[in-house]
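*Asks:* Need a 3D model of the sequence below.
(chains A, B and C)
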Amino acid sequence: MRGASSGRVAVVNAYWDGKNGVVLVSRDSQGRRQRRRVAAEHVCYLRKSELKERTERDLRASRAIHGMREEDSWWRVRFKTRDLLRKASAKPRWPGPDGERLSYFERAHVEPFEADMHPVRRWLTDNEVEIQRPKRCYLDIEADSRVSFSRKEEARILSWAVVDDEGKKWSAVLEDDDDAAEHRLLMKLWRLLDQFDQVVAWYGDGYDFPMIRARSKLLGIQVQWQGWLWLDHLELFKKMNISASESGDEKQSYRLGAVSTAVLGETKADLDASRSWEYWAAGGAKRQELVDYNVRDTDLLRLLENATGYIELLQVLCQATTTFPDSRGMNGTNYVEGFLLKLARGRDLHFKTVWDYGGRIPFEGAYVLEPKKGILRDVHVCDFSSLYPSIIQTWNMSPETLGPRISGSLDGPGYRSDQKWHKPRPDGHCEHPTNGWTFTTKWMGLLAEAVTELKRLRKHWNDLKASLPPGTPEWKEADRRSSAYKIAANTFYGVIGSPFSRFFDRVVAESVAQGGVWLLKLVLAEAEHKGMSVVFGDTDSAFVAGSTEKQFKAFVDHLNTVVFPRELERLGCPRNDIKLAYEKQFDVLVMVTKKRYAGNFVHYKGSRATKDSKPEIKGLEFKRGDTARIARRMQEKVIHRLLTGDHEPQGYLEMVAEWRTSILEGEIEMSDVVLSKRLAKGLGEYKAKKKKDGTDAAQPPHVEVAKLLQQRGADVSEGTRIAYVVTDATSSPMRVAPADDVTIEDVDRHYIWENLAYPATKRVLEVCFPAYGKELKALGVSRPSARRPKPEPGSPLVNPRAKGVRRRKPPEGQGTLGGIM
DNA sequence: AGCTCTGGCGACAGTA
DNA sequence: TACTGTCGCCAG
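*Replies:* This is a model prediction of the structure:
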């Protein structure tokens, strides 16, 4: 075993027992699970220079203290329990006799560092540790469907299925509807799980995990819950897939069925799980159907992992950051902490205590250029490779490398806003280009080192991606992995900017972002200087027209070899990791607004686009999961036509007019018009505004619908997607209904056209054909207005059949939406 | 053991 | 009709 020979301890899991022990779980060379208990260390660090003799004496004499020892310029003070440590270091809930809310250490004028650190993280940090690959299984359970989700703990578990990595399957089903049978069912599950370390379930954190935990407790089954790595596959999928998914279709639903269809082309077993009880109660073949369904569903998780590799990716990330691959391991603050604390060992560095959230401290972020809108030809795009990580490296930015500020604005009475003060830059420091802060160059900062490894991994997948034709499945796979490392690398910056993190440093975070603003503006200015035309830029990318491919390549080279080195040297940067890359060219680019555009590739990093290459679409409704499908389809159609080079407005007006008629009069499917939005918080947390007359104002439609669903006992916890339709948009607030409550006949057709379907397409056409604004606008009106004179019968722009009037059936066998569906 | 960040668009409810 | 505040989702 590698762990043993290199003096490292290999662990597959570890947990705190809640008192004074940390339990280490390992796999020995035969693959057997071993448990070992070590002491939990409840520790904080105090600066020697801050600790007064009197306080030191107090601490030594205190019965709360286990002991203290010197470590370089720090005192490491070990408390007997975590509670005692918290008492000494956290702000007390109530004021003391003097009316002040001060902790013991605050009163002693010494700042405790890392006091809140979890005992497991403490152990992982202080020891040479290797995170082992867990034995993984996938789990899914079926429970009594008669019990509403909100009372799910009262539902009896009917069956479970477990599948391992190789596809070996286990399952069991409830024998009788009583506690003894359920007890047997769960005992079988726990005995099986005992051979695994990691349990993966879809929406596990929201359903399966709390469920088996609650039922086991209820039935008196004692298990050491923390002995497993519980991983919610859905949450992981969302985190990793968000930047890889192509259209809003993929985001509309994260139900397992929808995701597996999108990723695997495979549909969930055909069984209505909301009637699980009936299947079970019927017994015999019906009951077996339920079990088969349960097993197949579980196996989908394994197949999904085979197709995406996301769990493997998490494994890689966790091993690199000394973090366990469970749901918490996905958390950025957590794995960044793991990585940085390890890196800080032996550097005489410790980090602040974060018992409580210190409050938001906002800072300035990236620069987004107002785009040139409409149809643009031959646009070249360059972008900085891993911009924020490179900035961190180049200026050696890190909380502990921050030096003095040497310039700033002279604001106050008597000064103009552009007047600045300056001091000379001290030796051994480099200078931020715009905010006056300096960073030492005498040693390498923690952040810079951390970022280097992630950049290396990302480069590997990016190189592969660039060698493949854009849009192909291999390209997408490489893109997915490269995105995951990008997410991780950018997380380091994000965590520095997060007040929840012990590494939070507003100055450093803002310096990173503003370094990016300065660099991007350098590029834009240079392009203008070279006579090119800048059409857009966002954070780390510049969109430029008026250049040939060769010229643009030379332009990028010039920046890399002349401009950046010159400017960075002027600022005293110790190194230059800034690299601009020629990313792609579009022959047609439809620019709608900031962050919303569609482009047709000529090439991507030199790889020529093929017939099968899909266009790049960003930010538009097509990409969004909270839009109506009909809006996405229409917009997609228009975008594709525009990108093929058909820029004749008349054809588009006709196409829109046809769609308009179809939507107002033809047949539409519910799935075309359903809206689906996530509850971003619990229902009670939404702002409840009062109207001027003192009555309650309406909340957003999806929240109103969620309130209704809650009354029926449905799951409306944070994160739930609420599917709804608008049944009458003429009233304010609009009348809405849960999608499952109504049929297409109940949906407000004018609303569909005027608000759901057309606007997304209209905005695209408006920027492309500004001369046709009037016509495009007129097409958007369908509802007869009481104010307007009654339209002539047969007028092309007004639907003669108001809502509720029976519609004629469309001709047999004809697509109703002009063939777009 | 709850929490990467900022910038930005568009939908709605409500006000003036 | 223009504007404000809240919300969700997306770009980077």
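
*Asks:* Would you double-check that A:W160 falls in a helix?
*Replies:* No: under DSSP: H, G, I helix; E, B strand; the rest coil, A:W160 falls outside any helix and is assigned strand.

*Asks:* Would you mind listing what in chain A touches DNA strand C?
*Replies:* Residues of chain A found near DNA strand C, taking CB under 7 Å from any atom of the strand as the criterion, are A:242-243, A:248, A:251, A:365-366, A:387, A:538-541, A:595-596, A:617-619, A:623-626, A:676-681, A:686-687, A:689, A:700, A:702-703, A:721. For every residue, glycine as well, the C-beta is placed using N, CA and C.

*Asks:* Now do the residue in the stretch 51-200 of chain A that DNA strand B sits nearest to against A:G338, distance only.
*Replies:* Of all residues in the stretch 51-200 of chain A, A:H118 sits closest to DNA strand B, at 3.2 Å by CB to the nearest atom of the strand. Relative to A:G338, A:H118 is positioned 11 Å away (CB to CB, to the nearest Å).

*Asks:* burial count for the closest residue to DNA strand B within chain A?
*Replies:* The nearest approach of chain A to DNA strand B comes at A:G494, 1.6 Å away (CB to the nearest atom of the strand). Here the number of neighbours of A:G494 (other CB atoms under 10 Å) works out to 16.

*Asks:* before we move on, what about A:I663?
*Replies:* A:I663 has 27 nearby residues by other CB under 10 Å.

*Asks:* Quick check: chain neighbours aside, which residue is closest to it?
*Replies:* With sequence-adjacent residues excluded and distances taken as CB to CB, 6 or more residues apart in numbering, A:I663 is closest to A:W753, at 4.9 Å.

*Asks:* ok, and does stretch A:36-44 reach over to DNA strand B?
*Replies:* No: using CB under 7 Å from any atom of the strand, stretch A:36-44 never reaches DNA strand B; the gap is at least 11.8 Å.

*Asks:* Following the chain onward from the longest strand along chain A, which element is next?
*Replies:* Assignment by DSSP state E gives strand A:580-593 as the longest strand of chain A. Next helix or strand after strand A:580-593 toward the C-terminus (DSSP states H and E): strand A:596-604.

*Asks:* does any part of that next one sit near DNA strand B?
*Replies:* Yes: remark: strand A:596-604 sits within contact range of DNA strand B at A:R596, by CB under 7 Å from any atom of the strand.

*Asks:* hmm, who's touching that strand?
*Replies:* Outside of strand A:596-604, the residues within contact range by CB atoms under 8 Å, 6 or more residues apart in numbering are A:371, A:378-379, A:466, A:470-471, A:536, A:549, A:583-592, A:608-609, A:613, A:615-620, A:622, A:639, A:642-644, A:764.

*Asks:* So, low pLDDT: which residues of chain A?
*Replies:* A:1-6, A:242-245, A:251-252, A:268-269, A:473, A:476-477, A:480-481, A:483-484, A:786-821 (pLDDT under 70).

*Asks:* repeat that for 50
*Replies:* Chain A contains residues with pLDDT under 50 at A:1-5, A:788-816, A:818-819, A:821.

*Asks:* about what we covered before: filter the residues of chain A next to DNA strand C to the buried ones?
*Replies:* Among these, those scoring as buried are A:248, A:251, A:387, A:538-541, A:596, A:617, A:623, A:625, A:676-677, A:679, A:702-703, A:721 (criterion: 16 or more other CB atoms under 10 Å).

*Asks:* could you point out which element follows whichever helix or strand A:S511 is part of?
*Replies:* Using DSSP H and E, A:S511 sits in helix A:506-529. Counting by DSSP H and E, the next helix or strand C-terminal to helix A:506-529 is strand A:533-538.

*Asks:* so after that following strand, what's the next helix or strand?
*Replies:* strand A:541-545.

*Asks:* Quick one: work out the angle between that next one and strand A:580-593.
*Replies:* 80 degrees (axes from the mean of the first three to the mean of the last three CA atoms, to 10 degrees).

*Asks:* how many degrees apart are strand A:541-545 and helix A:506-529 in direction?
*Replies:* Orientation check (the same axes, to 10 degrees): strand A:541-545 against helix A:506-529 gives 10 degrees.

*Asks:* Can you check what angle separates the very next helix or strand once past strand A:541-545 from strand A:580-593?
*Replies:* Per DSSP H and E, the first helix or strand lying C-terminal to strand A:541-545 is helix A:549-558. With the same axes, to 10 degrees applied, the angle from helix A:549-558 to strand A:580-593 works out at 120 degrees.

*Asks:* Report the backbone C-alpha coordinates of helix A:549-558 in PDB.
*Replies:* Coordinates of each C-alpha in helix A:549-558 appear next as PDB, following Å, rounded to 0.1, in the frame of the first residue of the first chain:
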ATOM      1  CA  GLU A 549      -7.500  35.600 -39.400                       C
ATOM      2  CA  LYS A 550      -3.800  36.300 -39.900                       C
ATOM      3  CA  GLN A 551      -3.900  39.800 -38.700                       C
ATOM      4  CA  PHE A 552      -5.800  38.800 -35.600                       C
ATOM      5  CA  LYS A 553      -3.300  36.100 -34.800                       C
ATOM      6  CA  ALA A 554      -0.500  38.700 -35.100                       C
ATOM      7  CA  PHE A 555      -2.500  41.000 -32.900                       C
ATOM      8  CA  VAL A 556      -2.800  38.400 -30.200                       C
ATOM      9  CA  ASP A 557       0.900  37.600 -30.500                       C
ATOM     10  CA  HIS A 558       1.900  41.200 -30.200                       C
END
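
*Asks:* for whatever helix or strand comes next after that helix, which positions count as buried?
*Replies:* Toward the C-terminus, helix A:549-558 is succeeded by helix A:564-570 as the next helix or strand (DSSP H and E). The neighbour-count check on helix A:564-570 (16+ other CB under 10 Å) flags A:F564, A:E567, A:L568 as buried.

*Asks:* Having no further points to raise, I will conclude here.
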